[in-house]
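Visitor: Sequence first, then the predicted structure:
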Amino acid sequence: MAGISEKVNLPDVQELRHSTRMQLINKLRSVTGLKDLVLDSELMKPLDRVAGASLLKENGVNKIFKLEPSKSLTGIDKRIYLIRATPFLVKMVADQINAEHTEGIRRNYTILLVPRRLHVCELILEREGVYGYVNIDEFSLDFIVLDKDVLSLESPSFFRSFFMEGDQTGCHQVARSLVSVQELFHAIPNVYCLGRCAQMVHNLTTLMMSNSGCELSSPNYEIGHLFLVDRDCDFVTPLCSQVTYEGLLDDTFGIASGFVEFGQDVTGKDQSSKLLLTSHDIIFEEIRNRHFSNVSCYLSSKAKDLQIGYDKRHGLSSVNEMKDFVANDLKALKQQHRSLSLHVGACEKISKGKSEGDFSDILRTEHCLLEGIDMKACHNHIEEMIIRQQSMAQCLRLLCLLSVTQGGLTTDIYKSFKRLFVQSFGFEQMLTLYNLKRVGLLVEAEKTQAARQLGKVAAVVNIPLPCPFRSLCKRLNLIPKSPEDINLKNPNDMSYVFSGAYSPMLCKIIEQVLTSYDGASLEDLRKLMTVPMSLDIKAKSAREKANHNSKVAMVYFLGGCTFSEITALRFLAKQRGYKILIATTGIINSRTFLNGVSEPVA
């Protein structure tokens, strides 16, 4: 196994970044001379990962503005708007142009729509009377390279659009991102689809590749397997509390396009500090996948190592040695010192947050819900949190976790929790509860008379009711039989990402398929899961199977994935001798996931 892993390498995903950069340069140069750039605020951080301000300046950008409603902009006579292709933003641009025309200002306007040009956007410009004054083009901002093994579309609205509202527009961007990958790294021979969206994307990708003349199969592939998985195949994982360092950073501070911003309570200074989290940060790379309980000991030993590095200056005897120390060692030491101080401050903030609240009680309730034990105590704890008007996000999360692990709530329990929630947090939350019901996160189970009788018996003896989640737990061994045997310091099981209480379901399915290779496990799981599944296996010859790149897999989460799942897949890759490239429509955590389907209250 070790010998194979040495030969296997991940594709160089920086080629995707280079391709996007060149496309952006061409779009900017298409407008000759100096021009102003007006950016959609949601695109600022993703664009920063593709091209910095210096690259924009080199290609004729004079000033950069943020697109805001009812705000007039000054500037020169050429302007480019770079915005998402949504009716709201297009209407905002049209209003700005009309306001300037009213003031007698004339400019050369270009609108770049991301990720593609839509007819509905053109209709809005025509209706507002500015269609003839603008040049319309598109900018395919597909994959943002977050790290050497993580790609993201940075499209947080994808889950709501497709899974709740039934809007299939975003599938085109997903399919095109897959076409881009296969144009660079050759066609992927083995494709496994879990879910309705996954099948649609695979069909659309095949059609787009066929229409563009791309090869549909190649013995020189660099990625052997592609897993397309819908988020609604596994609602449990994004609802669980993250306990790895990277996951807790996201839960506590929020990570956007790989950037995290630490406030004054972390930096210890009068200003906040922004840090880019990638494998280039030596300290972060070492602790990102660790269980939080195993982070502080590393940071402590690293602090001692840095001090030893600084102390080397006392032993320097010649000018050349001093010069070499300043030119090489000192710069690296200062960078690591800054990173270390920020990570230490972040750990202190996370530890303080865990100790101040009822984090341990919530975690205990979570683990009981996953195992299906002490259900009465779980109900009482959730009821108490709602009545005491504790964090609404935490209450919603536990309610949804209760529902998805039990296969839905009985009518009495559903109505009771719904009434309590609305009384505590306001009738405006009725819309959010309705949305959660639409997507299947918080539902009222429809049961037969026999099932209702069984439910009464189960409630009396305090045991879990049979449901699809319980069957999958048993089939995939999602709940370890002895959590205390899980080594959190030197992990020996994927479940360490949730303190040994649970293994991410989709990651377990991927493990089963990769170990059986021919997709037999996927066929077996079809009987237990209620979502569509399909597989398209082309590498059937012995020669193709012998290709060492058959040990390279790409996993694409449609609807978002968590840092816990990314960590679990990295663990799987290390254990099984694979290289896994992780792609997603966006990085999520329990808060952003539920916010995505919640209705904002004015």
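Guide: That came in fine, so what should we check first?

Visitor: what's in contact with stretch 43-50?
Guide: Defining contact as C-beta atoms under 8 Å, 6 or more residues apart in numbering, one finds that stretch 43-50 is touched by 17, 20-21, 24, 39, 66, 82-84, 114, 141, 144-146, 154, 256-259. Yep, even glycine has a C-beta here, placed from its N, CA and C like the rest.

Visitor: ok, which stretches of the stretch 251-400 of the chain are strands?
Guide: Using DSSP state E, counting those that start in this stretch, the strands of the stretch 251-400 of the chain run over 255-256, 259-262, 273-276.

Visitor: Quick check: which of those is nearest to Q199?
Guide: Nearest of those to Q199, taken as C-beta to C-beta: strand 255-256 at 30.5 Å.

Visitor: what residue ranges in this structure are flagged as low confidence?
Guide: The model of the chain has pLDDT under 70 over residues 1-7, 309-331, 357, 447-466, 517-523, 539-549, 602.

Visitor: report the longest helix in it, please.
Guide: Counting residues, the longest helix found in the chain (DSSP state H) is helix 330-356.

Visitor: So which bits of it are buried?
Guide: Using 16 or more other C-beta atoms under 10 Å as the test for burial, helix 330-356 gives 330, 333, 336-337, 339-347, 349-350, 354.

Visitor: That helix packs against which elements?
Guide: Where contact means 3 or more C-beta pairs under 8 Å, 6 or more residues apart in numbering; DSSP states H and E, helix 330-356 is packed against helix 245-252, strand 259-262, helix 264-267, strand 273-276, helix 282-287, helix 296-311.

Visitor: could I get these as JSON lines with distance to T205 and mean neighbour count?
Guide: JSON lines is the format used below for the helices and strands packed on helix 330-356 (distance: least, C-beta to C-beta, whole Å; neighbours: other C-beta atoms under 10 Å):
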{"stretch": "helix 245-252", "distance to T205": "29", "mean neighbour count": "24"}
{"stretch": "strand 259-262", "distance to T205": "30", "mean neighbour count": "18"}
{"stretch": "helix 264-267", "distance to T205": "42", "mean neighbour count": "16"}
{"stretch": "strand 273-276", "distance to T205": "31", "mean neighbour count": "16"}
{"stretch": "helix 282-287", "distance to T205": "32", "mean neighbour count": "17"}
{"stretch": "helix 296-311", "distance to T205": "41", "mean neighbour count": "13"}
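
Visitor: Is it possible to get CSV of those that adds distance to P189?
Guide: CSV is the format used below for the helices and strands packed on helix 330-356 (distance: least, C-beta to C-beta, whole Å):
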stretch, distance to P189
helix 245-252, 32
strand 259-262, 36
helix 264-267, 46
strand 273-276, 35
helix 282-287, 31
helix 296-311, 40
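
Visitor: So which of the contacts of stretch 43-50 are in helices?
Guide: 17, 20-21, 24.

Visitor: of these, closest to C214?
Guide: Of all the ones in helices among the contacts of stretch 43-50, T20 has the smallest distance to C214: 18.5 Å, by C-beta to C-beta.

Visitor: Could you find the closest non-adjacent residue to H337?
Guide: Counting by C-beta to C-beta, 6 or more residues apart in numbering, H337 lies nearest to L306, which is 5.8 Å off, once chain neighbours are set aside.

Visitor: Surely that neighbour touches Q335?
Guide: No - look at L306 against Q335 with C-beta atoms under 8 Å: they stay out of range, at 10.5 Å.

Visitor: Just tell me which of the helices and strands packed on helix 330-356 ends up closest to G500.
Guide: helix 245-252 (15.2 Å).

Visitor: Secondary structure element for L436, which one?
Guide: Following DSSP states H and E, the helix or strand that holds L436 is helix 430-439.

Visitor: Now do the buried residues in that helix.
Guide: Across helix 430-439, burial judged by 16+ other C-beta under 10 Å covers 432-433, 435-437, 439.

Visitor: Tell me who's in contact with L216.
Guide: Taking C-beta under 8 Å, 6+ apart, one finds 187, 206, 209-210 in contact with L216.

Visitor: can you pull the contacts of L402?
Guide: So, once contact is read as C-beta under 8 Å, 6+ apart, L402 ends up touching 369, 378-379, 382, 409.

Visitor: How much space separates it from L409?
Guide: As defined by C-beta to C-beta, to the nearest Å, L402 lies at a distance of 7 Å from L409.

Visitor: swap in M554?
Guide: M554 is 37 Å from L409, by C-beta to C-beta.

Visitor: what does G132 give?
Guide: From G132 over to L409 (counting by C-beta to C-beta), the distance is 56 Å.

Visitor: And the two? Which one has more around it.
Guide: Legend: neighbour count by other C-beta atoms under 10 Å for G132 and L409, higher for L409 (20 against 7).

Visitor: Show me what stretch 441-448 is in contact with.
Guide: 235, 396, 399-400, 403-404, 406-411, 414-415, 433, 436-437, 455, 594, 597.

Visitor: hmm, which of the residues you listed are the buried ones?
Guide: Using 16+ other C-beta under 10 Å as the burial test, the contacts of stretch 441-448 include 235, 396, 399-400, 403-404, 406-410, 414, 433, 436-437, 455, 594, 597 as buried.

Visitor: Quick one: mark the members of the contacts of stretch 441-448 that sit in helices.
Guide: 396, 399-400, 403-404, 406, 411, 414-415, 433, 436-437, 455, 594.

Visitor: Among these, pick out the one closest to L275, please.
Guide: L594 (26.2 Å).

Visitor: from the buried residues of helix 430-439, which is closest to Q168?
Guide: V439 (15.5 Å).

Visitor: If we ignore the residues flanking it in sequence, what's nearest the closest one?
Guide: Counting by C-beta to C-beta, 6+ apart, the residue nearest V439 is M164, at 5.0 Å.

Visitor: just to revisit the earlier point, would you convert the strands of the stretch 251-400 of the chain into a markdown table that also reports distance to K45?
Guide: Shown next, in a markdown table, are those (distance: least, C-beta to C-beta, whole Å):
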| stretch | distance to K45 |
| --- | --- |
| strand 255-256 | 5 |
| strand 259-262 | 6 |
| strand 273-276 | 10 |
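
Visitor: Right, I'll call it a day here.
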